[in-house]
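Participant: Structure of the sequence below:
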Amino acid sequence: MALVKLNNNGVKNATAFGSITGLGDLALIKTITVSSGVSSVSFVNGSSDVVLDGTYKEYIFYFNNIHPSSASNAPFSFNMSIDTGSNYNVSKTSTSFVAYHQEDGGDEALGYEGGTGRDMANETRYQHIIFDIHNPNDSSGSGFLHLFDPSNTTFVKHFMATCNSQISTSTTANMFAAGYGNTTSAVDAIDFKMESGNIDAGTISLYGVV
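Facilitator: Sure thing, here's the model as predicted:
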């Protein structure tokens, strides 16, 4: 490990430091803003300045204020592609859990989330990451998804998501999902959509982790 040398004898008198390369810095790659209903939002390597390749070993997608067009209680989901978006059908094995608390304090719980789209056993369907978003005007869901080393051609593709939303019973729900795409092919595209209905509003930003 290289030492950082000061140009003077004491720190209090230093006027310049050697350069330090930060680890874990985020490099913004692309932000997609939805202002009217769309069926899905895709990030495809090499398309519209999207970099989803071996440039970074980890990528993070941030979602802000995702709002469904009409379908209340609709999960927000993602899938992976190994053919630049021609098919979003990578087999996934995953697990999930949720903690929730009602506005009036009437109910709260922490528990495992099983069922369709929540915990998968080598299934190709879309993975739920925001399990439920209410659709009144003031409701939305936000969170992030980590995708690790998608261009690796030796190992499966791990992912972890943490999200929060207001759900239909005036409740805050903190949701956690994790698993792996069961493929050793390079993943070169990611697609996000509501389980039913459109994405009415929100932003999704893709970052590479330096």
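Participant: which SS class is the residue sitting nearest the centre point of the chain?
Facilitator: The residue lying closest to the centre of the chain (C-alpha atoms, centre = their mean) is Leu145, at 2.1 Å. Counting by DSSP: H, G, I helix; E, B strand; the rest coil, the backbone at Leu145 sits in strand.
Participant: ok, now which ones touch it?
Facilitator: Going by C-beta atoms under 8 Å, 6 or more residues apart in numbering, Leu145 touches 60-61, 63, 78, 129, 159-161. C-beta: built from backbone N, CA, C; applies to glycine.
Participant: Just the buried residues of those.
Facilitator: Neighbour-count burial (16 or more other C-beta atoms under 10 Å) is assigned, among these, to 60-61, 63, 78, 129, 159-161.
Participant: So what sits opposite Phe32 in the bridge?
Facilitator: No Phe there; residue 32 is Ile. Ile204 (DSSP bridges).
Participant: residues contacting it?
Facilitator: Here Ile32 is in contact with 41, 43, 203-205 (C-beta under 8 Å, 6+ apart).
Participant: Now whichever strand or helix holds Ala27: buried residues?
Facilitator: Assigned by DSSP states H and E, Ala27 belongs to strand 26-34. For strand 26-34, a neighbour-count test (16+ other C-beta under 10 Å) marks 26, 29, 32, 34 as buried.
Participant: ok now that strand, how far from the chain's centre?
Facilitator: Counting by C-alpha atoms, centre = their mean, to the nearest Å, strand 26-34 is centred 12 Å from the centre of its parent chain.
Participant: Can you tell me which helices and strands the next helix or strand after it packs against?
Facilitator: Counting by DSSP H and E, the element after strand 26-34 in chain order, helix or strand, is strand 41-44. Applying 3 or more C-beta pairs under 8 Å, 6 or more residues apart in numbering; DSSP states H and E, one finds that strand 41-44 contacts strand 26-34, strand 189-194, strand 199-209.
Participant: Mind listing the strands strand 41-44 pairs with, and their directions?
Facilitator: When DSSP bridges is applied, strand 41-44 pairs with strand 189-194 (antiparallel).
Participant: List the beta-bridge partners for the residue nearest to the centre of the chain.
Facilitator: The partner residues for Leu145, given DSSP bridges, come to Phe61, Ala161.
Participant: and Ser142, how many residues sit next to it?
Facilitator: Number of residues near Ser142 (other C-beta atoms under 10 Å) recorded here: 16.
Participant: Give the helix, strand or coil label for it.
Facilitator: Of the three states, Ser142 takes strand according to three-state DSSP.
Participant: How about the contacts made by the closest residue in space to it that isn't next to it in sequence?
Facilitator: Nearest residue to Ser142, sequence neighbours excluded (C-beta to C-beta, 6 or more residues apart in numbering): Asn64, at 5.3 Å. Neighbour list for Asn64: 142, 202-205 [criterion: C-beta under 8 Å, 6+ apart].
Participant: Which single one of those residues is nearest to Ala121?
Facilitator: Ile204 (27.4 Å; C-beta to C-beta).
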